[in-house]
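A.B. asks: All I have is the shape, not the residue letters:
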């Protein structure tokens, strides 16, 4: 388990309590020079199989706010929203196995997926 994921799971446990870890995706903070978008971002790969599972209602996305990974942006995304945008082909997918999200980590496009053609806004799902 990566350091980012371990710290993200500990953070999520403090914020919302127990959550199945297979429905949590964590990302380090990517600076523009290391980001696919060439802007500050978080990168998440969500297995489509997990998005479509009926057992749980939400998927949690946690993006480290800094290199120390001591604080996280926390998103509680209804799986129904992910499924809807997947069906509309708003997300970039790899071989129909993973949803690939590059969420903006800068003010002007805060939490908008800049990889998929749908430019889905994830900001309504941020837990504050």
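C.D. replies: Received, thanks. Because the structure is predicted, anything quoted here is derived from the model rather than measured.
A.B. asks: okay, CA-based contacts and neighbour counts for the rest of this
C.D. replies: Noted.
A.B. asks: which residues sit against the top helix by length along the chain?
C.D. replies: Across the chain, the longest stretch assigned as helix under DSSP state H is helix 3-16. Residues outside helix 3-16 that contact it (CA atoms under 8 Å, 6 or more residues apart in numbering) are 18-19, 21, 24-28, 62-64, 69-72, 74.
A.B. asks: Now list the buried members of the residues you listed.
C.D. replies: 24, 25, 26, 27, 28, 62, 63, 64, 69, 72, 74 (16 or more other CA atoms under 10 Å).
A.B. asks: among the contacts of helix 3-16, which are in helices?
C.D. replies: Filtering these for helices - DSSP H - leaves nothing at all.
A.B. asks: Can you name the two of those residues that sit furthest apart?
C.D. replies: Taking CA to CA as the measure, these reach their widest spread between 18 and 28, a distance of 21.6 Å.
A.B. asks: which residues touch residue 33?
C.D. replies: Each residue near residue 33 by CA under 8 Å, 6+ apart is listed here: residue 39.
A.B. asks: Mind doing that once more with 10 Å?
C.D. replies: 39, 40 (CA atoms under 10 Å, 6 or more residues apart in numbering).
A.B. asks: Now do the SS call for it.
C.D. replies: Look at residue 33: counting by DSSP: H, G, I helix; E, B strand; the rest coil, its state is helix.
A.B. asks: what's the spacing between it and residue 108?
C.D. replies: 18 Å (CA to CA, to the nearest Å).
A.B. asks: before we move on, what about residue 70?
C.D. replies: From residue 70 across to residue 108, the span is 24 Å (CA to CA).
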